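Colleague: what would the 3D arrangement of this be:
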Amino acid sequence: MEEQNNENQLNIELSEEIAEGIFSNLAIITHSNTEFVLDFIRVMPGVPKARVKSRIILTPEHAKRLVAAMQDNIEKYEAVNGRIKTQEEPPGFPMNFGGPTAQA
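Modeller: From the prediction side, this is the model:
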């Protein structure tokens, strides 16, 4: 029987609230010389104002590791599900998503 190396194990807890996740359809990324800031936002059609729903602050090294991990996962996803299609977006972000404007 193999002995487990407990020194390299990390016990990660996930609360019910965090497990539900937060939907985001816009991310804004900024950086300084010491950190990268990822703001995740939910923009609603026809609403010209949106709030940041979550902010993640990373060191430059962790930001680069995140990019590599995302690329690896995208490649694995596409190997099983086919290429993810992306559309070229015009500069800026369309506030109406091409749909009707909200009216009260």
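Colleague: low-confidence ranges, the protein, go.
Modeller: Within the chain, the segments meeting pLDDT under 70 span 1-6, 89-104.
Colleague: show me the strands in it, by range?
Modeller: Ranges of strands within the chain are 26-31, 36-41, 52-58, based on DSSP state E.
Colleague: out of those strands, nearest to Q87?
Modeller: Taking CB to CB, strand 26-31 is the member of the strands of the chain nearest to Q87, at 14.5 Å. Using the backbone N, CA and C atoms, a C-beta is placed for each residue, glycine as well.
Colleague: picking that back up, among the strands of the chain, which comes closest to A79?
Modeller: Taking CB to CB, strand 26-31 is the member of the strands of the chain nearest to A79, at 24.3 Å.
Colleague: quick one: contacts of the closest one?
Modeller: With contact meaning CB atoms under 8 Å, 6 or more residues apart in numbering, strand 26-31 is reached by 36-43, 50, 60, 63, 93.
Colleague: buried subset of those as a PyMOL selection?
Modeller: Entered in PyMOL, the line below selects the buried ones among these, by 16 or more other CB atoms under 10 Å:
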select buried, resi 36+38+39+40+41+43+63
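Colleague: how about the strands of the chain in a markdown table, adding distance to E88?
Modeller: Formatted as a markdown table, the strands of the chain follow (distance: least, CB to CB, whole Å):
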| stretch | distance to E88 |
| --- | --- |
| strand 26-31 | 16 |
| strand 36-41 | 21 |
| strand 52-58 | 25 |
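Colleague: which one, of those strands, ends up nearest to Q9?
Modeller: Nearest to Q9, of all these, is strand 52-58, at 23.2 Å by CB to CB.
Colleague: figure out how far that closest one is from the centre of its chain.
Modeller: 9 Å (CA atoms, centre = their mean, to the nearest Å).
Colleague: mind listing what's buried in that strand?
Modeller: Quick answer for strand 52-58 (16+ other CB under 10 Å): L58.
Colleague: for that strand, which outside residues touch it?
Modeller: Contacts for strand 52-58 (CB under 8 Å, 6+ apart): 22-24, 35-42, 66.
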